[in-house]
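Undergrad: My questions concern the predicted model and sequence given below.
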Amino acid sequence: MRLLKLLPVLFLFSCINLFIQETQYNSLHFTGGSWIEFAEIDSMKLESNDFTIQFWVSGGEVNTNEAPAIFSIIDSNDNITLAIFRDVNQNNSITTIINSAVGKQEYSGLDWSDPDDFYLISLLFSDSKGLNIYINDYKILSSGSFLDVQGSTLNVGAIVNEDRTILENFWYGYIDEVRFWNTRLADSTISFQYAHPNKLGDYYQYSYYDSLIGLWRFNWDKPLSTIEDDSEHDNDGNIYTLSGFSIELSEKGAK
């Protein structure tokens, strides 16, 4: 009888492994000295010169006097075509460099000091309409400037030139997801994406889903150095770190 009474207990413990799940990470945590390098932009995008780059990002503690850069596009002469920075001393603003011209935009809904608050940053490029920048569903900047990105690589998390002789303004904060669309997204589309951050995926097809030519999620269960393109266009990226620095996996993410 004692053996019979113990059987349910033994069975309970034998099933424990069935309920243990590996940690699913949602973002990369940057603490300086690290960046992600993608291919040349004109090799990733298809025929159109109208395209959109998006980031889900949040801030956090900064251990630098330099303004951390979310990303950079630098031409062959080492001039900054486009870059966006978070301000070190002001949590509700961004600094932009467009064709080497510096500007500053404030947004009341922005708080870089809170690592749990993720923002959808969208950059809409066009030969005819110039550049528009959104934070969430708010258009924070509209510029008529033409941006020539031919031959330029997309670097996330730092200011980096092609031969890496320039490495500065490293990102401090979290990046949940990067997207590259071969179309200029509509305002209504950006508003929908901001309101439904988890709707993008194979299980939910947008009418423009075929124009998604780069999707880097960071939903990993172990550290990786190569970032596979989930859009199946093979636009993979690579993580680089300076000596003494690293990028950490994080469970934080857009909700």
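TA: Now that the structure is in, tell me what you want to look at. Numbers count the residues shown, from 1 in each chain.

Undergrad: Can you report how many residues neighbour residue 111?
TA: By the criterion of other Cβ atoms under 10 Å, residue 111 has 13 neighbours. Backbone N, C-alpha and C define where each C-beta goes, glycine included.

Undergrad: Check residue 36 too.
TA: Residue 36 has 24 neighbouring residues, counting by other Cβ under 10 Å.

Undergrad: what's the answer for residue 121, then?
TA: The burial metric for residue 121, expressed as a neighbour count using other Cβ under 10 Å, is 19.

Undergrad: With residue 139 instead?
TA: Residue 139 is flanked by 13 other residues according to other Cβ under 10 Å.

Undergrad: For it, which non-adjacent residue is closest in space?
TA: Among residues not flanking residue 139 along the chain, residue 132 sits closest, at 6.0 Å (Cβ to Cβ, 6 or more residues apart in numbering).

Undergrad: Please read off the pLDDT at that neighbour from the model.
TA: Reading off the confidence values, residue 132 has pLDDT 96.

Undergrad: How about residue 193?
TA: Here, the pLDDT recorded for residue 193 equals 91.

Undergrad: now the helices for the stretch 101-250 of the chain?
TA: Assigned by DSSP state H, counting those that start in this stretch, the helices in the stretch 101-250 of the chain fall at 187-195.

Undergrad: For the residue nearest to residue 139, list the residues it contacts.
TA: Applying Cβ atoms under 8 Å, 6 or more residues apart in numbering to residue 132 gives the contacts 122-124, 139, 141-143.

Undergrad: Among those, pick out the one closest to residue 101, please.
TA: Top of the list for closeness to residue 101, among the contacts of residue 132 and by Cβ to Cβ, is residue 143 at 9.0 Å.

Undergrad: Residues in a beta bridge with the closest one, which ones?
TA: Beta bridges link residue 143 to residue 131 when assigned by DSSP bridges.

Undergrad: when you give positions from now on, start the count at 192
TA: In the new numbering, first residue 192, that becomes residue 334.

Undergrad: could you measure it against residue 328, distance?
TA: Taking Cβ to Cβ, to the nearest Å as the measure, residue 334 and residue 328 are separated by 19 Å.

Undergrad: Tell me which stretches of the stretch 342-446 of the chain form strands.
TA: In order along the chain, the stretch 342-446 of the chain carries the following strands (DSSP state E, counting those that start in this stretch): 344-347, 350-351, 358-359, 363-372, 403-407, 417-418, 428-432, 438-441.

Undergrad: May I see the contacts of residue 323 arranged in CSV, with distance to residue 248 as well?
TA: Supplementary listing: these in CSV, determined by distance: Cβ to Cβ, whole Å:
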residue, distance to residue 248
313, 11
314, 12
315, 17
330, 18
332, 16
333, 21
334, 21
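
Undergrad: Among the residues you listed, which one sits closest to residue 371?
TA: In terms of Cβ to Cβ, no member of the contacts of residue 323 lies closer to residue 371 than residue 314, at 10.3 Å.

Undergrad: Need the strands of the stretch 342-446 of the chain in TSV (columns: distance to residue 284).
TA: Converted to TSV, those look like this (distance: least, Cβ to Cβ, whole Å):
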stretch	distance to residue 284
strand 344-347	20
strand 350-351	18
strand 358-359	20
strand 363-372	15
strand 403-407	26
strand 417-418	29
strand 428-432	28
strand 438-441	24
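
Undergrad: With that, I have no additional questions.
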